[in-house]
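The amino acid sequence is not available; the structure is as follows:
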């Protein structure tokens, strides 16, 4: 490896994961996290599009060389040598994106530093803190793990996010900060063990909208409010609702520090696209390369989220401009699933969408138009299982005779997909 | 009414098909968490149970006892179905 090498890190949550990341940064290599749930096909896509020179993984990939303990190093030859455009890159986070968006969010070391500083003005993590961790490090690392370590805090990796083992870990290690998804808090809120969370000073809910019953149930059970946060990979930690988590349980709070929020093209209810400016902006998209300056509009980043800001400056997210599906905090891009479905010879075309789900936010479903009416849908599901990480596989495939299209451009009409099966 | 044994068979097939790697040896008594059953696996199983039996396992039932192994999970699903 050499400075600027792009290295894929496909490794489970562990102390080793953290050590490998910091070791790669120590030699000025670039870390590209790869979620463990990726299929071989997805891993190949990431490796090729991110121009990885090697991959670190807990199991050998082809001709992997063992690196004790429990790690394999697999060298690969990207078709084109990566061009880092002279930047001091720390991290490239692959995102599937849509056909219209760029893949891979590029973050320099200076950007990571700015983000960590900005986030900690609100989180106030210090040496006395112990953070209980249960989210995948491949999805959450910079304004969390890096921030905690840089402030001298302790991180406890929870053995499991089930309420019993999680509460046991919090109380055994006197955890002070929880950073988890609504799904995890829902399990905690219904715990009947009687164990408390007396050592915890801050419980942050992130990755998906917090349902009201979870917010209220958690507060009733533990006497501790859940604080919603808005973290965006292109921006960092934008807001945190420390000021009014009980009355405004559904707000992601006011913008932190130097972040600013604007609502673009607000409707009569004040709702429009949320645009943000502030420190720690991403540096570029990686594939194809697109520098930040060409993405921002007058210094503002359009998030694709629809929201409103109330009279006291609290931001509420009410929807999305894009078709991205959020399944219990995992982002799913419909176009990626449709590309797999459409590869099956029995499928003429397909449309993937999120159906609202009371406990998971959304679940993935698909409409398929069959090219062969007698086709066995199980073979279509089999292709999905072979090609897609499990959380991306549609829960249901609906056979339809045609897909609705927009009158003007003839594109698949997405906005009404959920309502039609509701 | 669906019996626990039948649910166990369905769940075992589902876990082999969609959750665990083929090399994982799974029986009705296998400790699921020790075998690598994580939050994402839990979401998949909850959705499978909901789609197959029309039952969402409530959060209060999702604990280390229910997820001790497949037999315990199937027994919980069967009991909840019987309770209506």
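Here it is on my side, so go on. It should be emphasised that the depicted structure is a prediction, and the values quoted were computed from it without experimental measurement. Numbers count the residues shown, from 1 in each chain, chains lettered A, B, ... in the order given.

only C-alpha atoms for contact and neighbour calcs from this point on.
OK.

which one in chain B is furthest away from the centre?
Distance from the centre of chain B peaks at residue B:23, with 19.0 Å (Cα atoms, centre = their mean).

So which residues on chain B come close to chain A?
Residues of chain B found near chain A, taking Cα under 8 Å from any Cα of the partner chain as the criterion, are B:18-19, B:33, B:38-40, B:44, B:47-48, B:59-60, B:62-64.

if you set the cut-off to 10 Å instead, what comes out?
With the criterion set to Cα under 10 Å from any Cα of the partner chain, chain B comes near chain A through B:17-19, B:33-34, B:36-44, B:46-48, B:51, B:56, B:58-65, B:67.

Tell me the buried residues within those residues.
Using 16 or more other Cα atoms under 10 Å in any protein chain shown as the burial test, the residues of chain B next to chain A include B:18-19, B:33, B:37-39, B:41, B:43-44, B:46-48, B:59, B:61-64, B:67 as buried.

So which of those are in helices?
B:39, B:41, B:43-44, B:46-48 (DSSP state H).

Lowest pLDDT pick from those residues?
Lowest pLDDT among these: residue B:39, with 86.

The closest residue to that residue other than its chain neighbours: neighbour count?
Among residues not flanking residue B:39 along the chain, residue A:161 sits closest, at 6.6 Å (Cα to Cα, 6 or more residues apart in numbering or on different chains). Counted with other Cα atoms under 10 Å in any protein chain shown, the neighbours of residue A:161 add up to 23.

gap between residue A:161 and residue A:338?
Per Cα to Cα, to the nearest Å, residue A:161 is found 31 Å from residue A:338.

quick one: the residue nearest in space to the middle of chain B from residue A:185, how far?
With distances taken as Cα atoms, centre = their mean, residue B:73 lies nearest the centre of chain B, 4.6 Å away. As judged by Cα to Cα, residue B:73 and residue A:185 stand 21 Å apart.

name the element residue A:319 belongs to?
strand A:315-320 (DSSP states H and E).

Quick check, residue A:120 in contact with residue A:148.
Yes: contact criterion Cα atoms under 10 Å: residue A:120 and residue A:148 qualify, at 9.1 Å.

which of those two has more neighbours?
residue A:148 (24 against 19).

hang on, the more buried one in a helix?
Yes: counting by DSSP: H, G, I helix; E, B strand; the rest coil, residue A:148 falls inside a helix.

so it sits right up against residue A:117, yeah?
No: using Cα under 10 Å, residue A:148 is not in contact with residue A:117, being 11.2 Å away.

Now the common contact residues for these two.
Both residue A:148 and residue A:117 are contacted by A:123-124, under the criterion Cα atoms under 10 Å, 6 or more residues apart in numbering or on different chains.

Spit out the contact partners of the residue of chain A found nearest chain B.
Nearest residue of chain A to chain B, counting by Cα to the nearest Cα: residue A:190, 4.6 Å away. Residues counted as contacts of residue A:190 (Cα under 10 Å, 6+ apart) are A:163, A:214, A:217-218, A:221, B:58-63.
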